[in-house]
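S.K.: Make a model of this:
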Amino acid sequence: MTRQRTALSTLIVLLLVLWAGFIVHRSPRFPGSLTGGVLAVSGASLIVVFSVFYSAVKRFPALRQAFSKYLSMQQLLSVHVYTGALGAILVLLHTGHRFESNLGIALTSSMLFSVLSGYVGGHLLGRVSVELREKQSLLVQLETAYNAAVDELARKPESPIAPVIPDSPFSFARMRSAIAPKISTSGSERAPGDAAGIASSIAELEYSIRSHERVKRLSSRWLVLHIGTSLVFYVLLALHVWASIHFGLRWFQ
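M.R.: Predicted coordinates for the structure are as follows:
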């Protein structure tokens with residue numbers, strides 16, 4: 001997963017560097033050349049075909065069931081993300097940094113917004129979802145350990161409970177390493193004060209889970225933005241293709 005994120009981040013950085021290249025380079029005739037045309041068709045195909053394919057498989061259960069034998073939804077999402085980034089790079093190379101027409105500028109802008117919003121939304125949502133699942137799993141273990149500690153205290157009512165004040169600020173990794181011995185401790189060896197410590201850990205973890213859920217909802221809004229900018233890009237792309245054909249292709253000139 002880390003390797004995939006690094007590779008995708010590299011593609012996004014390359015895309016931004018290529019876009020900024022208009023400062024030092026412009027080739028007005030390259031977009032209409034044969035090479036520029038091949039780059040345009042290849043890039044647009046990578047973006048549109050795999051994007052539509054992923055959306056269809058995601059939203060239609062029959063297609064999802066048919067293709068689940070070969071690729072999981074996570075793998076299809078990875079294909080969609082990588083083909084979108086690669087396609088955007090090819091399309092950007094096709095422009096030759098000739099940002100003159102309003103349609104071309106709007107098309108390039110919508111493409112960049114679509115790719116970047118998908119990257120930001122998907123990256124944040126994926127990372128938050130993984131951490132949220134880990135914390136929910138840890139919460140279940142903590143609740144089990146707490147119930148065992150309370151049962152132990154019920155059998156030894158004379159044992160005092162030493163309050164445990166959690167450190168601050170909150171650190172998920174620090175909490176997991178600190179409470180791991182408490183979770184793994186058997187009932188016969190459990191100290192009575194563990195119940196208070198585990199209760200404090202549960203309170204912190206529940207607060208952290210609620211915070212992650214809020215971030216996850218915010219990340220979902222980023223995906224809505226991604227879908228909206230993608231639809232704008234498709235419309236502008238159709239107009240661009242129509243205009244190119246209408247005013248004549250010069251690929252072999």
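S.K.: correct me, but E143 touches A203?
M.R.: No: taking CB atoms under 8 Å as the definition, E143 is not a contact partner of A203, at 11.8 Å. For the C-beta atoms, the positions are set from N, CA and C on the backbone; glycine is no exception.
S.K.: ok, these two, which is more surrounded?
M.R.: E143 (14 against 11; other CB atoms under 10 Å).
S.K.: Helix or strand for that one, just tell me which one.
M.R.: helix 102-155 (DSSP states H and E).
S.K.: tell me the mean pLDDT for that helix?
M.R.: If you average the pLDDT over helix 102-155, you get 78.
S.K.: what about that helix, distance to the chain center?
M.R.: 9 Å (CA atoms, centre = their mean, to the nearest Å).
S.K.: what helices or strands is it leaning on?
M.R.: helix 2-20, helix 73-95, helix 172-184, helix 194-246 (3 or more CB pairs under 8 Å, 6 or more residues apart in numbering; DSSP states H and E).
S.K.: and those helices, which one is worst for confidence?
M.R.: helix 172-184 (a mean of 47).
S.K.: Domain-wise, how is this protein divided?
M.R.: Taking automatic domain parsing as the domain assignment, the ranges for the chain are 2-124+223-246, 133-209.
S.K.: got CSV for those domains, with distance to R217 too?
M.R.: Formatted as CSV, the domains of the chain follow (distance: least, CB to CB, whole Å):
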stretch, distance to R217
domain 2-124+223-246, 11
domain 133-209, 13
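S.K.: related to what we said a few turns ago, mind giving me CSV with the helices and strands packed on helix 102-155 and columns for distance to L132?
M.R.: Compiled in CSV, those are given as follows (distance: least, CB to CB, whole Å):
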stretch, distance to L132
helix 2-20, 17
helix 73-95, 16
helix 172-184, 11
helix 194-246, 5
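S.K.: Check the ones you listed for me and report the most buried one.
M.R.: helix 73-95 (a mean of 19; mean count of other CB atoms under 10 Å).
S.K.: and the angle from that one to helix 102-155?
M.R.: Helix 73-95 and helix 102-155 are oriented at 150 degrees to each other (axes from the mean of the first three to the mean of the last three CA atoms, to 10 degrees).
S.K.: who's in contact with helix 73-95?
M.R.: Helix 73-95 has contacts (CB atoms under 8 Å, 6 or more residues apart in numbering) with 4, 7-8, 11-12, 14-15, 18-19, 30-31, 36-37, 39-40, 42-47, 50-51, 53-54, 57-58, 64, 67, 71, 104, 108, 111-112, 114-115, 118-119, 122.
S.K.: Which one of the helices and strands packed on helix 102-155 lies nearest to R155?
M.R.: Judged by CB to CB, the one of the helices and strands packed on helix 102-155 that comes nearest to R155 is helix 194-246, at 12.5 Å.
S.K.: residues contacting the spatially most central residue of the chain?
M.R.: Centroid-nearest residue in the chain, with CA atoms, centre = their mean: G122, separated by 1.8 Å. By CB under 8 Å, 6+ apart, G122 lies in contact with 77, 81, 223, 226.
S.K.: out of the helices and strands packed on helix 102-155, nearest to R133?
M.R.: Short answer: helix 194-246, nearest of those by CB to CB, at 9.8 Å.
S.K.: which other helices and strands contact that closest one?
M.R.: helix 34-59, helix 102-155, helix 172-184.
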